[in-house]
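Asker: Requesting a structural model of the entry that follows:
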Amino acid sequence: MSPDKLFNYLDGKLSADEREKFEDELLRDPQLQKEFAIARKIHDRMSGPEREVILEEPAGASRGRQMIRRVMIVFLALIFINTVLGVVVIGMMESKKRAATKEAEKNRQDVALALQKAAASALPTPSLVDEIKITVAAGQQDATIDKIGEAAKKAGGSAAKNLTNENGTLVFAEVPVDHAKQFRDALVQFGAVLPESSTPDPASGNAILQIRVIPRAE
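Answerer: Below you'll find the model as predicted:
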């Protein structure tokens, strides 16, 4: 608020409507309350016991009093400007912080999606291998997939989760041919149903297995 208006209020120079509006705003605005407190202290010092002496002084002294008042008005204006600038700076810092957090979250999501796509594309398509089915209770798909991964590691290979749809979740495993039977036996312990006739494993290298984890209908 204009410092002149603060001093005009203290000097009783505002109209009734202006005074009522000012007092209503003063009740609701904490910053205005601080400015008003400073203005009132300045006004009290300028209007204290020495008031009568000042009034009797010559015109030069009156001009000096007006100069002091103007200096005080500038002082209040600087306080108001500093407060506004502080609020603006804090707002900008908070905005930058929120933007940085949002950007970091987006980067994490992009990395996770890229890793999932890479895992899906790193293994052959489902049509090249026989499918092994494992039916599990609802809510046990992830736990079973983790067990498949652990079994593949124990057999010297690895497993990767692929697509999930209404028919279940596909998992591709790649294990050394020498340990393919060990891995299949572990799958049977998880409830796997092996195909009646399967494609023979290669003579050497790694065997590729496709496993579909299917949630049991309730």
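Asker: Now for residue 183, how many residues are close by?
Answerer: 24 (other C-beta atoms under 10 Å). Backbone N, C-alpha and C define where each C-beta goes, glycine included.
Asker: and the gap between it and residue 103?
Answerer: 42 Å (C-beta to C-beta, to the nearest Å).
Asker: what's the answer for residue 153, then?
Answerer: According to C-beta to C-beta, residue 153 and residue 103 sit 35 Å apart.
Asker: okay, those two: which has more neighbours?
Answerer: Using other C-beta under 10 Å, the more surrounded residue of residue 153 and residue 103 is residue 153, with 14 against 10.
Asker: Just confirm the more buried one is within a helix.
Answerer: Yes: checked against DSSP: H, G, I helix; E, B strand; the rest coil, residue 153 lies within a helix.
Asker: show me the residues around it that make contact.
Answerer: Listed by C-beta atoms under 8 Å, 6 or more residues apart in numbering, residue 153 has no contact partners.
Asker: In this protein, where is pLDDT below threshold?
Answerer: Residues of the chain that meet the criterion pLDDT under 70 lie in 1-3, 43, 45-78, 80, 115-129, 197-199, 218.
Asker: Using the record's assignment, carve it into domains.
Answerer: The chain breaks down into these domains under automatic domain parsing: 3-100, 126-215.
Asker: and those domains, which is most packed in?
Answerer: domain 126-215 (a mean of 16; mean count of other C-beta atoms under 10 Å).
Asker: From the contact counts, what lies against the helix or strand harbouring residue 164?
Answerer: Assigned by DSSP states H and E, residue 164 belongs to strand 158-165. Other elements packing on strand 158-165 under the criterion 3 or more C-beta pairs under 8 Å, 6 or more residues apart in numbering; DSSP states H and E are helix 59-121, helix 141-154, strand 168-176.
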